[in-house]
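> predicted coordinates and the sequence they were generated for:
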Amino acid sequence: MTTRLNRRGLIRSLCASASVFTLDQLLSGGGLLKGAPLETQFVNVAREAGLRSKTIFGLENKNRFLLETTGCGVAFYDYDHDGWLDIFLVNGTRFDAIWTKADTPVSRLYKNNRDGTFTDVTLKAGLARTGWGQGCCVGDYDNDGVDDLLVTYWGDCVLYRNNGDGTFTDVSEKTGLSKTTRLTTDGLRRWNTGCAFLDYDRDGWLDIFIGNYIDFDPKTVPVPEGGECLYKGLKVACGPPGLDGGKNILLHNDGKGNFTDVSEKAGILKTQGTFALGVLVADFDNDGWPDIYVANDSTSSALYHNNRDGTFTDIAIEAGVAYSADGKPQAGMGVSTADYDGDGYLDIIKTNFAGDTSSLYRNMGNSFFEDRTFQAGLGGNTRFLGWGALFLDYDNDTWSDILLTNGHVYPEVAETAIEYGYRQRKVLYHNLGNGRFVDVSASGGPGILEKVSGRGCATGDFDNDGDLDVVVNCVNDVPQLLRCDTTLRNTWIKIKCIGTKSNRSAIGARVYCVTGKRKQMDEVRSGGSYISQNDLRIHFGLAKAETADIEIHWPSGQVDKLPALAANRIYTAVEGKGFK
C-alpha cells in the first residue's frame, strides 16, 4: 500500500532518526519540496489594521548611549475585558529632542474593533506618557476584576490602575511603587527593564518583580567619540561591560494597595550586578510555587528558586541555565517557556547576541536543566541578534514551536557589510514532536522574512480565529502585526482563568490539557518574551481532537477538572465554580 505523506509528515520522517538539519538542507537534496510554502503563513497586517504610529527610540543612524539601543516591549492585552485582545505599545524618546505637541512620542493603546482593525484610544485611556519606556506587564494587583498595567522606564515605573471604564489612573506614587523604582541608592535613575506580576507568597495578592539593567548616567559614561568602545572596528555606544549592573526589585503587595520593597529580605540582592533584560516567571520544579528566571546581558543569567518562605536563592549555575553549553556568559535578551517535549516540565528558550546561538534549556527535573541547543536543531543560526522569544503552537498540532524576533543593537552596522545588517528577519522553528526543531523561516510567510529592527514581541489570537498571531515593537519604525493564516484544520481550545481564592488574574495557575494519550500543560503568566506581555488566556492546539479534558491547578491549591470540552471554543473558568 502506498502512503501519501504531506509536507510535515515528510519532514518528520526525514528527521526522526537524523542528526540536525535545517529546512534548506532537507529541501536541497533533490529539490522535492523546495519553494513549497508551509500550510501556515504569517502576514504583516499592521497598516490595514490601523497600527501606524512609529515607535521612537534613540537616533536612527547612530547612537551615543546604550540606552538608545534596547527598544521597547508590547502587550496583547484585553484591557476592557470584552474577550478581544487589544494592543499596548511602549514608546521611547530621543536625547535633546524638542517635541511639538503633535509629534511627541507616547505609548499607544489600540482598542480591538473585532473586525481586524484597531482604534487608537491612548488619549481617552489616559496613557499618553513620554519618556524612555522599556517594558510592560499585566495583572490585577487589587483584585477588582480588571487587569492593571505596569510600564517600566529609565528613571521610573508607572503602575496604571484599570478603572474598568476604558480609562486608567496612575497610582505609582499612591502605592509606593515610585519610591523604589525611580532612583538607586546612589541617586542614579534606575534603568528598569523586564517586569512581571506574580504571587510569590501565594497570599492571593499579586506582587511585582522588576529587572534592572545598569546604573546609568549619561553625564559620566564613556561615549563613542572617545574611541574606547569598538565593535568590529566601528565606534559604538559603550556597555554593558565596564558599567555597573543594576539591582533587581521585588515588591510585596500588602493587599491594601501598598507595595513594599522586599528585595534584600527576599534574597534578590544577593545576585550582584545583573544587566537584567527579559524576566520569566514559572514553576520550574513543579512544587506549586513560582520561580523567576532573568536573562542577563554579558554575564550569567539568574534563576531565583522560590524557597516557599518568602525568600529566593539564585541557583542558575548549579541548575545549568546561567551560561552557554561551553560554560561561557552570554548576552541574554528575551525568554520564553513551554513544555516543548511533553515530559511535564517547563523548558526555557533564551535569545542572545549576534555570533551566538539562542539557548534551549531542557528541564530534566530536580532543578536541573540540560543545554539542548545543538541537539534540538537550534545551533545553525548565529548571524542574528535575538530579542523577543516565543514558544507558540502556530499550527495547532499540540507541539510548541519557536518564533524569535531579531535586529542588531548598533544602527552603525547598516552602513557596512558586517554580519546581517541592522534590520533582520525573524526565525521560525517547527517542533517535530521528537525533541527536535527544524528551521522553517524561509517558508513561514512574508511576515517572517520582512527585515525590521525588532525588539519586544508578544503572542495572542487577536481575531479569535483559533490560531496564534504575533505583535512586534520595532525601533524607529511602525509595529508589525503578524496574522497567522493557515489552511490546516487542526482544532484548538482556549481557557481564560479567573481566580477567587487565588489572585483574580489567576497568574501562576497551571492548566493541563489531555487529548487521547497526549498531555499538554502551560501556566497563566505575566511578563516574558523580551520585556513584553502575551495574552493571559491559555491556548492549546489539539491537532484533530474534537474534545479535550482540562484540569486547572490554582495557586490556592484548588484543583478543578473540566472534562470533555468541545474543541474550537474559548472558555472562561472561575476557580471552584466551573464556567462563568
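Nice, I can see it.

> the stretch 301-450 of the chain: strands as residue ranges?
Listed in chain order, the strands of the stretch 301-450 of the chain (DSSP state E, counting those that start in this stretch) span 302-306, 312-314, 335-338, 347-350, 359-365, 368-371, 386-392, 401-406, 427-431, 437-439.

> so the first one versus strand 359-365, what angle?
To tie it back to what came earlier, the one meant is strand 302-306. 20 degrees (axes from the mean of the first three to the mean of the last three C-alpha atoms, to 10 degrees).

> now for strand 302-306, which elements pack on it?
strand 291-296, strand 312-314, helix 316-319 (3 or more C-beta pairs under 8 Å, 6 or more residues apart in numbering; DSSP states H and E). For the C-beta atoms, the positions are set from N, CA and C on the backbone; glycine is no exception.

> deepest of these, which one?
Ranked by mean neighbour count, the helices and strands packed on strand 302-306 are led by strand 291-296 with a mean of 27 (mean count of other C-beta atoms under 10 Å).

> quick revisit: output the helices and strands packed on strand 302-306 as JSON lines; include the columns distance to Glu60 and mean pLDDT.
Output for the helices and strands packed on strand 302-306, formatted as JSON lines (distance: least, C-beta to C-beta, whole Å; pLDDT from 0 to 100):
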{"stretch": "strand 291-296", "distance to Glu60": "26", "mean pLDDT": "98"}
{"stretch": "strand 312-314", "distance to Glu60": "38", "mean pLDDT": "97"}
{"stretch": "helix 316-319", "distance to Glu60": "36", "mean pLDDT": "97"}
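
> out of the strands of the stretch 301-450 of the chain, which is closest to Gly83?
strand 386-392 (20.0 Å; C-beta to C-beta).

> now render the helices and strands packed on strand 302-306 as TSV, adding distance to Gly334.
Formatted as TSV, the helices and strands packed on strand 302-306 follow (distance: least, C-beta to C-beta, whole Å):
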stretch	distance to Gly334
strand 291-296	7
strand 312-314	20
helix 316-319	17
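
> so which of those is nearest Leu234?
Closest to Leu234 of these, according to C-beta to C-beta: strand 291-296, at 24.3 Å.

> dump the closest one to PDB, keeping only the CA atoms.
Output of strand 291-296 as PDB, limited to C-alpha atoms (Å, rounded to 0.1, in the frame of the first residue of the first chain):
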ATOM      1  CA  ASP A 291      10.300  30.800  40.400                       C
ATOM      2  CA  ILE A 292      11.900  33.700  38.500                       C
ATOM      3  CA  TYR A 293      14.400  33.400  35.500                       C
ATOM      4  CA  VAL A 294      16.100  36.500  34.300                       C
ATOM      5  CA  ALA A 295      18.100  36.800  31.100                       C
ATOM      6  CA  ASN A 296      21.200  38.900  31.800                       C
END
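
> what lines up beside it in the sheet?
strand 276-282 (antiparallel), strand 302-306 (antiparallel) (DSSP bridges).

> residues touching the helix or strand where Val471 lies, excluding its own?
Under the criterion of DSSP states H and E, Val471 resides in strand 469-474. Contacts to strand 469-474, defined as C-beta atoms under 8 Å, 6 or more residues apart in numbering, come from residues 42, 55, 71-74, 76, 87, 89-90, 388, 390, 392, 403, 405, 407, 447, 452-463, 479-484, 532.

> try it again with 6 Å
Strand 469-474 has contacts (C-beta atoms under 6 Å, 6 or more residues apart in numbering) with 55, 72, 74, 87, 89, 405, 452-459, 462, 479-484.

> quick one: Val294 and Asp314, what's the gap?
9 Å (C-beta to C-beta, to the nearest Å).

> list residues touching both of the two?
Ala302.

> and the helices in the stretch 51-200 of the chain?
122-125, 172-175, 177-181 (DSSP state H, counting those that start in this stretch).

> the second one - what's its average pLDDT?
Same thing as helix 172-175. The average pLDDT for helix 172-175 rounds to 98.

> just the residues contacting it, thanks.
Val158, Leu159, Ser178, Gly257, Asn258, Phe259.

> which of the residues you listed are buried?
Buried subset of these (neighbour count, 16 or more other C-beta atoms under 10 Å): Val158, Leu159, Ser178, Phe259.

> just give me the closest of the residues you listed to Val281.
Comparing the buried ones among the contacts of helix 172-175 against Val281 with C-beta to C-beta places Phe259 closest, at 16.5 Å.

> backbone phi and psi for that closest one, please?
phi -110, psi 130 (degrees, to the nearest 10).

> helix, strand or coil for the residue lying closest to it once chain neighbours are set aside?
Nearest residue to Phe259 in three dimensions, chain neighbours excluded: Leu251, at 4.1 Å (C-beta to C-beta, 6 or more residues apart in numbering). With DSSP: H, G, I helix; E, B strand; the rest coil as the basis, Leu251 sits in strand.
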